[in-house]
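**Student:** Below is the structure, and that's it, no one-letter string:
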């Protein structure tokens with residue numbers, strides 16, 4: 001990117017993907033949604049404030065990840081946590 005004399009960002013032509021557009025990303029564990037530019041492909045759409053956006057569904061984002069939230073919360077996907085706990089139960093003291 002280059003700046004012109006009025007401090008506007010001028011993007012170079014013919015180097016960006018054609019499908020670079022606004023996309024909605026939704027955290028499926030807490031239903032938080034944010035909109036940003038992306039080239040991510042998806043067939044799902046969502047309407048936000050009267051505008052339809054392509055929708056990318058995510059299992060976890062910074063709004064639900066324990067590192068960012070400071071809360072310890074287990075997200076169980078298809079019983080993986082239970083399977084892990086049962087497998088290593090014998091090592092628990």
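**Tutor:** Done, it's in. Please read all numbers here as calculations on a predicted model, not as lab measurements.
**Student:** now this structure, which segments are flagged as low pLDDT?
**Tutor:** Residues of the chain meeting the criterion pLDDT under 70: 1-9, 11, 66-68, 72-79, 92-93.
**Student:** Which stretches in this protein count as strands?
**Tutor:** Using DSSP state E, the strands found in the chain span residues 2-3, 9-10, 21-27, 33-38, 45-48, 51-58.
**Student:** Just say which of those strands is most tucked in.
**Tutor:** Among the strands of the chain, strand 21-27 has the highest mean neighbour count (mean count of other C-beta atoms under 10 Å), at a mean of 17. All C-beta atoms are positioned from the backbone trio N, CA, C, and that covers glycine.
**Student:** Can you list the helices and strands that that one packs against?
**Tutor:** strand 33-38, strand 45-48, strand 51-58 (3 or more C-beta pairs under 8 Å, 6 or more residues apart in numbering; DSSP states H and E).
**Student:** Off-centre distance for that strand?
**Tutor:** Here strand 21-27 is found 7 Å from its chain centre; the criterion is C-alpha atoms, centre = their mean, to the nearest Å.
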